[in-house]
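>>> Okay, here's the prediction I keep looking at, along with the sequence it came from:
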Amino acid sequence: ALTAGAEHHEALLIRATALRQIGEVRVAQGRISEGLEAFDQAQALLEGPAGGNEPVRLFELGQVYFWIADAYFRDLELDKAETFIEKYLEVSRRLVELEPFNLDYQLELLYAESNLGTLAFRANDMDAASQYFENALTVGRRLASQQPSGDINYELADTISWLGAIEASRGNFGSALRWYEEELNLRRGLAAGDEPVPRHELGRTLWQLGAARQQAGRLDEAITALEESVRIYRELAAYDPLNFEWQRELAWTLTLLSRDRFATGQLTAEQALATLALAAEAMADATDDGSAEYARVTASIAIERAFVELVDGRPEVAAELAAGARDQLAPLSTSKDRIRILPVYARATYISAEAARAAGDTAGAITIAAVAMESFDVRDDDHVEVRAYVALIAFHAEHADAETLLASVAATEYGAPAYVPDSPASDWWRRQVN
């Protein structure tokens, strides 16, 4: 039988759990502030005097911290989200100390480290992100050795994927590709059946691998990965035409594939534009939810259309397409989604300058590039592809930092951007790098 004190603590725990669940429902409905009110009440109950089953109380408190962080993350209050994920990490570590052989508590520790890694990545703090994901990987490998399961392998694959993204951002493509290939092996095992969600994850891993191979200059291998990804997303889109995320992923992968196949001469300009039209059709089936991801993909399709038009001798058409993409992306380029938007925005700006120069408007190209250089706040830890395109923009702007920027890229394992062949900027790149 429970003592009076134990009954009191049990009642508090039940009440706190109910409040946390109410908060989860409210946040899922988009009622963030109301959800936070419920979480705050649960937090107050659980942070009171310890009693009863301490691990159970701590576990529930950790869940509350996680969901508070999730609410702030959805509301893009990332500093507050980080504060509560750090609290979640502290609780998870304490739980593992209390019960070191409890695999559920070790999994919570993995989640906490991974979430902090995600926030650090969003903040472009790659050193911190790498450390958090390395910590998560250590926990994940230990769990996989103790109790192999699909769920553990899923978390392990996700952690490895982030480590690949970090290394790709730094321009360390040898390491990035090794991470992505290890992830791919795990994803293939998880997607061995016909379940759509593991197939989706496999498709995403393949396009990430393809993008990294492209940036490393290994275009034929990139195309192989992207073609498989496209096949998977076409199957998924046929399976569930109303799944807008799958439509968006299909559009993005088609866009990457079109760029690489055009660059290698596998597609004519007409064929490349036809492939990009298919990507646009896939996006037409998706919902414009106002997200940065929707803007990123739709703008990317326009940018690659501009690139093809420019290479095929229609700079005026290219200039119009690239300008539209820049206008779409400009408000997001300094937002909290900067890290995802900036590579696409930089490429759009570069193509705008190239189109102006190809149309005979050298002064216009210099102006476009010079204005862009005033707005770009490029740092040494920005993604290597951002630095590559900004170096080309700096060349057009006749900016003093052009060679310094290019040298920072040349010191990495980055291959080359998809630049306009036989232009002054691409000639300059080849002379400096080679």
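Yep, that arrived. Numbering: from 1, shown residues only.

>>> surely Gln147 meets Asn102?
No - here Gln147 does not reach Asn102: they are 11.3 Å apart, not a contact under C-beta atoms under 8 Å. Just so you know, the C-beta spots here come from the backbone N, C-alpha and C atoms, and that holds for glycine as well.

>>> Angles on the backbone of Gln147, please.
Note on Gln147: backbone dihedrals following degrees, to the nearest 10 are phi -150, psi 80.

>>> Please point out which parts of stretch 367-387 sit buried.
Within stretch 367-387, the residues that qualify as buried are 368-370, 372-373, 376, 378, 382-387, counting by 16 or more other C-beta atoms under 10 Å.

>>> meant to ask about stretch 221-229, not that
Buried residues in stretch 221-229 (16+ other C-beta under 10 Å): 221-223, 225-226, 228-229.

>>> Same check on stretch 104-114?
Those would be 105-114, for stretch 104-114 by 16+ other C-beta under 10 Å.

>>> average pLDDT for that stretch?
In this model, stretch 104-114 has a mean pLDDT of 95.

>>> Same check on stretch 217-235?
For stretch 217-235, mean pLDDT is 97.

>>> residues making contact with that stretch?
199-200, 202-204, 206-207, 209-211, 213-214, 246, 249-250, 253-254, 256-257, 260-261, 263-264, 266, 414-416 (C-beta atoms under 8 Å, 6 or more residues apart in numbering).

>>> Now that we have these, which of them are buried?
199-200, 202-204, 206-207, 209-211, 213-214, 246, 249-250, 253-254, 256-257, 260-261, 263, 414-416.

>>> Select from those every entry located in strands.
Within the buried ones among the contacts of stretch 217-235, no residue falls in strands by DSSP state E.

>>> Okay, and which of those residues map to helices?
Of the buried ones among the contacts of stretch 217-235, the ones assigned to helices by DSSP state H are 199-200, 202-204, 206-207, 209-211, 213-214, 246, 249-250, 253-254, 256-257, 260-261, 263.

>>> ok, so what distance separates the residue nearest to the spatial centre of the chain from Glu235?
In the chain, the centroid-proximal residue (C-alpha atoms, centre = their mean) is Arg340; its distance is 6.3 Å. Remark: distance between Arg340 and Glu235 (C-beta to C-beta, to the nearest Å) = 26 Å.

>>> repeat for Ala365
43 Å.

>>> The two: who's more crowded?
Ala365 (25 against 15; other C-beta atoms under 10 Å).

>>> Packing partners of the strand or helix carrying the more buried one?
When elements are assigned from DSSP states H and E, Ala365 belongs to helix 362-375. Packing partners of helix 362-375 (3 or more C-beta pairs under 8 Å, 6 or more residues apart in numbering; DSSP states H and E): helix 338-358, helix 384-397.

>>> Which parts of the stretch 51-200 of the chain are helices?
Secondary structure of the stretch 51-200 of the chain (DSSP state H, counting those that start in this stretch): helices at 54-74, 78-98, 103-122, 126-146, 150-170, 173-190, 196-215.

>>> Between helix 126-146 and the fifth one, find me the angle.
Here helix 150-170 points in a direction 150 degrees away from that of helix 126-146 (axes from the mean of the first three to the mean of the last three C-alpha atoms, to 10 degrees).

>>> Other residues contacting the lowest-mean-pLDDT helix or strand in the chain?
None of the helices or strands of the chain scores lower by mean pLDDT, DSSP states H and E than helix 4-28, at a mean of 85. Contact with helix 4-28 is made by 2, 32, 34-39, 41-42, 45-46, 48, 51-53, 56-57, 60, 63-64, 67, 70-71, 74, as judged by C-beta under 8 Å, 6+ apart.

>>> related to what we said a few turns ago, now do the same contact list for the residue nearest to the centre of the chain.
Arg340 sits next to 292-293, 296 when contact means C-beta under 8 Å, 6+ apart.

>>> Please flag which of these sit within helices.
292-293, 296.

>>> Most neighbours among those residues, which one?
Result: Arg296 is most packed of these (other C-beta under 10 Å), 20 neighbours.

>>> Is that one in contact with Ile341, as I believe?
Yes - the pair Arg296 and Ile341 passes the contact test of C-beta under 8 Å, sitting 6.1 Å apart.

>>> what do the two both touch?
Common neighbours of Arg296 and Ile341 (criterion: C-beta under 8 Å, 6+ apart): Leu329.
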